[in-house]
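>>> what would the 3D arrangement of this be:
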Amino acid sequence: MNMIQHFNQIKNRYSQDNRQAMRNPWVIGWIAIIATFLIVNAGLVFLSLTNSPGLVTEDYYEQGRKYERNAIRLLSKRNSLTWDTKLYIPEIITSHTLDIYRFSATDIRGLPVKNANVTLVAYRPSDANADFTVPFQQIAPGLYQAKASFSLPGIWDINIKVQRDDDQYELSQRIMVKRR
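Okay, here's the model as predicted:
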C-alpha cells in the first residue's frame, strides 16, 4: 500500500463525507465542547454548594430593618460629637504580617478623647470566615493602638468602633492586603 492510498483511506474514514456521524471530526469536536461545558458547570455548582462563605445571615431582613431604624439616629449622634479623628494604617499591608494600627480622636475643643473602648473589626467581603476583631489599647491620651495581621490577601473593610459612655463613633475604610 503506497502512501497516497493510505492517506485516502484515512481521509475517507474521518472526513465529512463519511456516513458514520461519530467519526466525523466536527461531531466529535462539538460533543467534546458540550461535554467540557457541562463538566465545568457541574464542578462550579458543586463548589458553590459545598463552600458557602456565609455572607448572608439567616435574619438578613430583620437586620436590615434594624439598621434602617438606627442609621439616621446614629449619624446625627455621630455628627453631634464633632470629634476630629484620624486612622493611621501602614502604607503597604502584607498578609501574615503583624502591623501596628493607630487611631486618634480629639473633641471640638481639641481635648483628647480619653478612656474610650476602641475596636478594629476587619471584614473580608468575599469570606466571612476570615473576619476578626482586635481591641485597641490607649497608649497616650486620645491615642489608641492595635496590632493586627490579615490572614488572606485581597480587599478588606476595616471598621473602627469607638464607645465612650453614651457616645458611639464608627469609622470605615477599605484596604488592600498584598500577598506575602
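>>> hey, where'd the helices end up in this structure?
With DSSP state H as the definition, the chain shows helices at residue ranges 3-14, 25-50, 60-81.
>>> right, and these - which one's nearest Ser95?
With Cβ to Cβ, the closest approach to Ser95 among those belongs to helix 25-50: 22.7 Å. (Glycine included, C-beta is placed from N, CA and C.)
>>> so how far is that closest one from its chain's centroid?
Helix 25-50 has its C-alpha centroid displaced from the chain centroid by 28 Å (Cα atoms, centre = their mean, to the nearest Å).
>>> what average pLDDT does it get?
The pLDDT scores in helix 25-50 average 91.
>>> what ranges in this structure fall below the confidence cut-off?
Where the chain drops to pLDDT under 70, the residues are 1, 10-23, 52-57.
>>> mind running it again at 50?
The model of the chain has no residue with pLDDT under 50.
>>> outline the domain layout of it.
Domain assignment of the chain by automatic domain parsing yields the ranges 3-50, 82-178.
>>> tabulate the ones you listed (TSV), appending distance to Glu58 and mean neighbour count.
Output for the domains of the chain, formatted as TSV (distance: least, Cβ to Cβ, whole Å; neighbours: other Cβ atoms under 10 Å):
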stretch	distance to Glu58	mean neighbour count
domain 3-50	17	10
domain 82-178	13	15
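>>> re earlier: quick one: closest of the helices of the chain to Gly110.
Each of these has some distance to Gly110 by Cβ to Cβ; the shortest is helix 60-81, at 13.9 Å.
>>> packing partners for the closest one?
Helix 60-81 sits against strand 167-178, with contacts defined as 3 or more Cβ pairs under 8 Å, 6 or more residues apart in numbering; DSSP states H and E.
>>> quick revisit: export the helices of the chain to CSV and tack on distance to Met176?
Listed next are the helices of the chain as CSV, based on distance: least, Cβ to Cβ, whole Å:
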stretch, distance to Met176
helix 3-14, 53
helix 25-50, 25
helix 60-81, 26
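>>> ok so, going back, which one of the domains of the chain lies closest to Ser76?
Between the domains of the chain, domain 82-178 lies closest to Ser76; by Cβ to Cβ that is 11.6 Å.
>>> for the helices of the chain, which one sits closest to Thr97?
helix 25-50 (29.5 Å).
>>> one step back: got the domains of the chain as a markdown table, with distance to Leu74 columns?
Below are the domains of the chain laid out as a markdown table (distance: least, Cβ to Cβ, whole Å):
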| stretch | distance to Leu74 |
| --- | --- |
| domain 3-50 | 35 |
| domain 82-178 | 7 |
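>>> tell me which of these sits nearest to Asp59.
Proximity to Asp59, assessed across the domains of the chain by Cβ to Cβ, is greatest for domain 82-178 (14.8 Å).
>>> pull up the distance across that closest one, start to finish.
For domain 82-178, the first-to-last residue distance is 34 Å (Cα to Cα, to the nearest Å).
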